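Peer 1: Following is a predicted model, sequence given first.
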Amino acid sequence: QVQLVESGGGLVQAGGSLRLSCVVSGRTFTNLAMAWFRQASGKEREFVTAITWSGVVTSYSDSVKGRFTISRDNAKKTVYLQMNSLKAEDTAVYYCAARGISLSRETSDYPYWGQGTQVTVSS
């Protein structure tokens, strides 16, 4: 079993930055591809970004490309989401997710999820 715990959410003004963290336990972290999804109130959960177990390959949604950066520290079993130039439309609950090795943009492909952390961007 894999446990994921997110942190770092909060309230920030538009144009500001936040860094989310997700700590993984319960399984060898280096075997896992990691992703961030988000879900705004009244909307479906959507893909934000993902990173392979090696950290070499990443994928971003068009809406965050150039503003958000995903990274991982395998020694700390932690994946990060650096969010810059935040917009009001980035407001959502952000979820960390994990799956075996390869990337995916589909929520259904990820068996392991964190509890989510709220990010609110005021305009």
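Peer 2: Yep, that arrived. Numbering: from 1, shown residues only.

Peer 1: alpha carbons only for contacts and neighbour counts from here, please
Peer 2: Noted.

Peer 1: what pLDDT does Phe29 get?
Peer 2: At Phe29 the predicted local confidence, pLDDT, stands at 70.

Peer 1: ok, it to Glu89 distance?
Peer 2: Phe29 sits 31 Å away from Glu89 when distances are taken as CA to CA, to the nearest Å.

Peer 1: more crowded one of these two?
Peer 2: Ranked by neighbour count (other CA atoms under 10 Å), Phe29 and Glu89 place Phe29 first, with 23 against 13.

Peer 1: residues touching the closest residue to the more buried one other than its chain neighbours, list them.
Peer 2: Beyond its immediate neighbours in the sequence, the residue positioned closest to Phe29 (CA to CA, 6 or more residues apart in numbering) is Lys77, lying 5.8 Å away. Counting by CA atoms under 8 Å, 6 or more residues apart in numbering, Lys77 makes contact with Val23, Val24, Ser25, Phe29.

Peer 1: Narrow these to just the buried residues.
Peer 2: Of the members of the contacts of Lys77, the ones counted as buried by neighbours, 16 or more other CA atoms under 10 Å, are Val23, Val24, Phe29.

Peer 1: Do I have it right that the last one meets Asn74?
Peer 2: Read that as Phe29. Yes. With contact defined as CA atoms under 8 Å, Phe29 counts as touching Asn74 (6.5 Å).

Peer 1: for Thr117, which residues make a bridge with it?
Peer 2: Counting by DSSP bridges, Thr117 forms beta bridges with Tyr94.

Peer 1: Starting from Arg27, give me the distance back to it.
Peer 2: 22 Å.
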